[in-house]
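1. got a predicted model here, sequence first, then my questions.
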Amino acid sequence: MDTDDLEPVAKKPKPKDLSRMSIEDLREYIDTLKAEIVRAETAITAKTKARAGAENFFKS
């Protein structure tokens, strides 16, 4: 069983109304989203390494 199966499914957030945001607010929003992408990619890398380690352990 994959540990991801045990985690609750998060609802997708509603998209923001970009038409009400200033150019500077949009740039800050993009920076926030890019930081979140990096955080998610880091988590994926860590989980992939953990999975590979577990698979190697149980192959022996």
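-> Good, I have the coordinates. Numbers count the residues shown, from 1 in each chain.
2. could you say which helix or strand contains A40?
-> Assigned by DSSP states H and E, A40 belongs to helix 23-59.
3. how close does the most centrally placed residue in the chain sit to T48?
-> Centroid-nearest residue in the chain: A40, 2.8 Å away (criterion: Cα atoms, centre = their mean). Distance of A40 to T48, computed by Cβ to Cβ, to the nearest Å: 12 Å. C-beta coordinates here come from the backbone N, C-alpha and C atoms, glycine included.
4. right, and the secondary structure at P15 would be what?
-> What DSSP: H, G, I helix; E, B strand; the rest coil gives for P15 is coil.
5. what residue ranges in this protein score low on pLDDT?
-> Along the chain, the parts satisfying pLDDT under 70 run over 1-6, 60.
6. repeat that for 90
-> 1-13, 52-60 (pLDDT under 90).
7. pull the number of nearby residues for K59.
-> Neighbour count of K59, defined by other Cβ atoms under 10 Å: 6.
8. do the same with M21
-> Look at M21: counted by other Cβ under 10 Å, it has 13 neighbours.
9. can I assume it is in contact with I30?
-> No. Contact criterion Cβ atoms under 8 Å: M21 and I30 do not qualify, at 10.4 Å.
10. got a list of what the residue nearest to the centre of the chain touches?
-> A40 makes contact with no residue under the criterion Cβ atoms under 8 Å, 6 or more residues apart in numbering.
11. number the chain from 9, please
-> Okay, residue one is now 9; in that scheme the one you just asked about reads as A48.
12. any idea how far it is from S30?
-> Counting by Cβ to Cβ, the gap from A48 to S30 is 27 Å.
13. for E49, same thing?
-> 29 Å.
14. equivalent analysis for A60, please.
-> 45 Å.
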